[in-house]
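# kindly return the folded structure for what I paste below:
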Amino acid sequence: MFVLVPEFVGVCGTDLDIIAGWREDEAVVLGHEAIVHLESQPSPARGETLCGNSYIINPVSSENQNEIIGHSLEGMFQEVAYISASKFWDGLLVPIHPGLDPLPAVLSEPLGVAVYSIELLSTPQLPERLLIVGAGPMGLLTAVAARLAGVPEVSLVDRSERRVQYAVDSGILDGEFALCPHSSRFPPAATYYSESGPDAAALCVGREQRREALVDLLRVAQNGARIDLTTGFATREELSQIPGADLNLIRRLNVCGRPWPGYIKTVRTSEGKIIHLTGHRGTSRHHLVHAMNMMMTHPQILGQIVTDVVTLEEATGLIRSLLRERREPDGAPYRKVVVSLGGS
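Alright, predicted model coming up:
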């Protein structure tokens, strides 16, 4: 039995989707964005021991993508977590870089997801105009990853002006590329892209907004654009605008960095537009190491992603607030909550 002591655990949008009933995951305890201390482990082979160090949880098994910490297996929102040796896959724990503060390091997993998304969108070449749909933590991390990768133009759209404003005020996004359909300060995406749409896009919204957001994105994207489905979809879920495209299956064909180059599904919309869809589940060690390197070299910009650090006891009330805010997306503030379970 592996005994893990969680230090910091991020509240992810998928955690909120599960609590709100938008996903049918089995775990009783949630939490997959986590920094943990390995307290003990079964007798190690060849005398190798991992104990005594802090690690990032890499929550999706590359051997079986249905095995996910905090989804199918118990998560890290608890004082001590136990994982049997039979459920402990290779690569589940990735050592934290020496000198990296474990509190911001908890962002390594979602930032690794963003890095993976930008890799998929940049094959065979870097996008010229990237539109990110959703200005929550995943959207902001994707914007940071894209800008650091050298994407020339990164724009971001959200229904909430407050979220978009936070991205601008934090320096994560240039104001001229901030978009909002219900704002007097920021133009809607359709107006901004009236002449030529984005050649790449990342869908980073909660599940309750996924269908409407993807329909809008298909409308504004240019012919031949590549779209990353960062947001999850239900089994065999399709849209009438892209008949025959199993959105859940498209994401499941890229798992933890494999295969490479990643799988792309080319579809024709009902309006005759060609779109290349991709997506993925999980991250590889490479993505997490890349994310940690980014956090070491750009601590100021990435340090603004986290807004609230709370105890496990305080988390319940704050999660209720997050769920209420998600039900009113036009006025929702930007929030990224991290639960501290004794880390420093």
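
# can you tell me the average pLDDT over the helix or strand harbouring His276?
Secondary-structure element containing His276, defined by DSSP states H and E: strand 274-278. Mean pLDDT, strand 274-278: 97.

# tell me the neighbouring strands of it, and mark each as parallel or antiparallel.
strand 225-228 (parallel), strand 265-268 (antiparallel) (DSSP bridges).

# which of the ones you listed sits most buried?
strand 225-228 (a mean of 25; mean count of other C-beta atoms under 10 Å). No exception for glycine: its C-beta is placed from N, CA and C like everyone else's.

# just the CA trace of it, in CSV.
Extracted in CSV, the C-alpha atoms of strand 225-228 (Å, rounded to 0.1, in the frame of the first residue of the first chain):
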residue,chain,number,x,y,z
ALA,A,225,-9.0,25.6,-38.3
ARG,A,226,-7.8,23.2,-35.6
ILE,A,227,-9.9,23.0,-32.4
ASP,A,228,-8.7,21.3,-29.2
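
# which neighbouring elements make contact with the host helix or strand of Ile118?
Per DSSP H and E: Ile118 is located in helix 108-121. Secondary-structure packing of helix 108-121 (3 or more C-beta pairs under 8 Å, 6 or more residues apart in numbering; DSSP states H and E): strand 33-40, strand 54-57, helix 137-149, strand 200-203, strand 225-228, helix 285-297.

# past that helix, which element shows up next along the chain?
Helix 108-121 is succeeded, C-terminally, by strand 129-133 (DSSP H and E).

# what angle separates that next one from helix 108-121?
140 degrees (axes from the mean of the first three to the mean of the last three C-alpha atoms, to 10 degrees).

# so what strands line up beside strand 129-133?
strand 153-157 (parallel), strand 200-203 (parallel).

# which other helices and strands contact the helix or strand just after the first one?
Downstream of strand 153-157, the first helix or strand assigned by DSSP H and E is helix 161-169. Packing contacts for helix 161-169, counted by 3+ C-beta pairs under 8 Å, 6+ apart, involve helix 137-149, strand 153-157, strand 178-179.

# list the buried residues of stretch 200-218.
200-211, 213-214, 216-218 (16 or more other C-beta atoms under 10 Å).

# same thing with stretch 290-307?
290-292, 294-296, 301-302, 304-306.

# how about a markdown table for these, with pLDDT added?
Shown next, in a markdown table, are those (pLDDT from 0 to 100):
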| residue | pLDDT |
| --- | --- |
| His290 | 97 |
| Ala291 | 98 |
| Met292 | 97 |
| Met294 | 97 |
| Met295 | 96 |
| Met296 | 96 |
| Ile301 | 94 |
| Leu302 | 94 |
| Gln304 | 94 |
| Ile305 | 97 |
| Val306 | 97 |
